[in-house]
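Participant: With the input below, show me the fold.
(4 chains)
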2 protein chains.
Amino acid sequence: MAATAGTPATAAPRGRIDKRRAILDAATTEFAREGYAQAGVDAIAARAGVAKATVYSHFGDKQTLLREALVAESDRAAAANLEVVERLLDPGDDVRTALEDVGLRLLECFVDERAWALRRLVTAEVVQFPDLVDVFLGRAAARVNQALADRLLGLSVAGHLRVDAPAVAAEHFAGLLTGGIDARTRFGTRRLPAAELREVAGAAVDTFLRAFGR
Amino acid sequence: MAATAGTPATAAPRGRIDKRRAILDAATTEFAREGYAQAGVDAIAARAGVAKATVYSHFGDKQTLLREALVAESDRAAAANLEVVERLLDPGDDVRTALEDVGLRLLECFVDERAWALRRLVTAEVVQFPDLVDVFLGRAAARVNQALADRLLGLSVAGHLRVDAPAVAAEHFAGLLTGGIDARTRFGTRRLPAAELREVAGAAVDTFLRAFGR
DNA sequence: GTCGAACCAGACTGTCAAGTCTGGTCGGTG
DNA sequence: CACCGACCAGACTTGACAGTCTGGTTCGAC
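Facilitator: Here you go, the predicted model:
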């Protein structure tokens, strides 16, 4: 914890804000492209248009930089997912259509390049830095799953679904959506055509409704 | 490309076979623990009880070593999975029980430490060595999915299930099983108690049968 | 206008690891 | 026996990179 005790809040951006953001963005890009070990601090500094010393003045060391970048990306991903899930609050006239819409959008979040980079980093570095998992799960995965469970419960109460264990149903909805996605996207190295995304989402919703529909 | 053209076949194990195996095992262990970048060839040689030069004489360079290790591990994982899936050939009197049995065993394969290490390596290095994905998908994932689809189709023909798109059903079965597994195992860093595994498998089969059962 | 904090370019240090080389041991084959 | 190819220990070369340091510039605050 390199937090200087002088600043009031927990955030503690010591340098000028825009530099900090630039460094964080550059780090995210570079880590995503090269992986933690391969990414050089020199390259990150260069990409950010900043001197190497500035990077160290802001973040202390490379590991902290990785952690902060992951926090930012997790929040970003969570925000995108949560916004999508929120759509289930008002499902309109047809649950199937609403679920397909949300499923497709969730899938789009999931196959997004930055989302893949995030999962890659967490997966790859979990052995060396186990606390990164907490960052990712706590800030992104857990919140999204909780929100989805809430919405599914809401749909059930409103009589659109028959769900008795919302958390399980949420896990299953996500699982149906993302089951074969590693293979389909070749671990994030292949872009899926829109038609295939729709197809996958459609099939997932189909099975989901067979199991949990009225 | 250090392949000496003297040997006849493509396999070309130039040294004594047991040395090759020892190196491959050591490499697998070391890569699994440390990741590709962190794992040192010195450490691999030491673990294999072999001189560093011997490693290079067998495999040429570190990258090749990784690839060969992944091939071996993929085959290993595939064999374990396929053996489990095979059990659906003779489902006995009760499909639910058979599916729960297979589901649980598949899950056990999936949360296995070596399986996690394999996925970690593929995920982490996919950007640098895209062809590793082909090794993993071709040798393991695709074959398992195909076998599972075959068995599900068989069960459907025998009147135990109602499956019209076996490949999709197989993807969904796997998705239901492994949907929340990243979070549950904290990306492979936490061992799941047997009870939780059973619970997850049970819930997955439950949903699956609601969707595809007779 | 001066003071200090943030910043710059780039040189520097120390470490670590991939891959090579040397010189020698050992076991099997003609 | 003489040879050859696999193997050994370990020194060596080479390059990359984290993190530090220097000396100087910019800019806002007082």
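Participant: Point out the other helices and strands that the strand or helix carrying A:Ala149 packs with.
Facilitator: For A:Ala149, the enclosing helix or strand under DSSP states H and E is helix A:142-157. Using 3 or more C-beta pairs under 8 Å, 6 or more residues apart in numbering or on different chains; DSSP states H and E, the elements in contact with helix A:142-157 are helix A:62-86, helix A:166-178. The way it works is simple: take the backbone N, C-alpha and C, and place the C-beta from them, glycine included.
Participant: Save those as a markdown table, and put in distance to chain B too.
Facilitator: Formatted as a markdown table, these follow (distance: least, C-beta to the nearest C-beta, whole Å):
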| stretch | distance to chain B |
| --- | --- |
| helix A:62-86 | 13 |
| helix A:166-178 | 2 |
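Participant: just those: most buried one?
Facilitator: Counting by mean count of other C-beta atoms under 10 Å in any protein chain shown, helix A:166-178 has the highest mean neighbour count of the helices and strands packed on helix A:142-157, with a mean of 24.
Participant: Go ahead and name everything in contact with that one.
Facilitator: Contact with helix A:166-178 is made by A:103, A:106-107, A:110, A:145-146, A:148-150, A:152-153, A:156, A:161, A:163, A:200-201, A:203-204, A:207-208, A:211-212, B:172, B:175-180, B:203-204, B:207, as judged by C-beta atoms under 8 Å, 6 or more residues apart in numbering or on different chains.
Participant: Just the buried ones from those, in ChimeraX syntax?
Facilitator: Buried residues within the contacts of helix A:166-178, by 16 or more other C-beta atoms under 10 Å in any protein chain shown, are selected in ChimeraX with:
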select /A:103,106,107,110,145,148,149,150,152,153,156,161,163,200,201,203,204,207,208,211,212 /B:172,175,176,177,178,179,180,203,204,207
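Participant: Tell me where chain A has helices.
Facilitator: A:17-38, A:41-48, A:52-59, A:62-86, A:95-111, A:113-125, A:131-136, A:142-157, A:166-178, A:181-184, A:194-212 (DSSP state H).
Participant: So for A:Ala5, what's the pLDDT?
Facilitator: pLDDT for A:Ala5: 33.
Participant: actually A:Leu99, not the one I wrote
Facilitator: At A:Leu99, the pLDDT recorded in the model is 97.
Participant: State the number of residues packed around it.
Facilitator: 27 (other C-beta atoms under 10 Å in any protein chain shown).
Participant: A:Gly49 is in contact with A:Asp25, correct?
Facilitator: No: with contact defined as C-beta atoms under 8 Å, A:Asp25 does not count as touching A:Gly49 (10.7 Å).
Participant: How about the residue most central in space within chain A: what's its closest non-neighbour residue?
Facilitator: In chain A, the centroid-proximal residue (C-alpha atoms, centre = their mean) is A:Ala77; its distance is 3.4 Å. Nearest residue to A:Ala77, sequence neighbours excluded (C-beta to C-beta, 6 or more residues apart in numbering or on different chains): A:Ala140, at 5.1 Å.
Participant: how much space between the one you found and DNA strand C?
Facilitator: 28 Å (C-beta to the nearest atom of the strand, to the nearest Å).
Participant: cool, A:Ala72 as well?
Facilitator: Distance, A:Ala72 to DNA strand C, using C-beta to the nearest atom of the strand: 17 Å.
Participant: burial of the closest residue to that residue other than its chain neighbours, as a residue count?
Facilitator: If the residues on either side of it in the chain are set aside, A:Ala72 comes closest to A:Leu24, at 5.8 Å by C-beta to C-beta, 6+ apart. When neighbours are counted by other C-beta under 10 Å, A:Leu24 registers 21.
Participant: can you pull the contacts of A:Leu24?
Facilitator: Taking C-beta under 8 Å, 6+ apart as the test, what A:Leu24 contacts is A:65, A:68-69, A:72.
Participant: quick one, what contacts the closest residue to A:Ala142 other than its chain neighbours?
Facilitator: Once flanking residues are discounted, A:Ala142 sits nearest to B:Ala183: 6.9 Å by C-beta to C-beta, 6+ apart. B:Ala183 makes contact with A:137, A:141-142, A:145, according to C-beta under 8 Å, 6+ apart.
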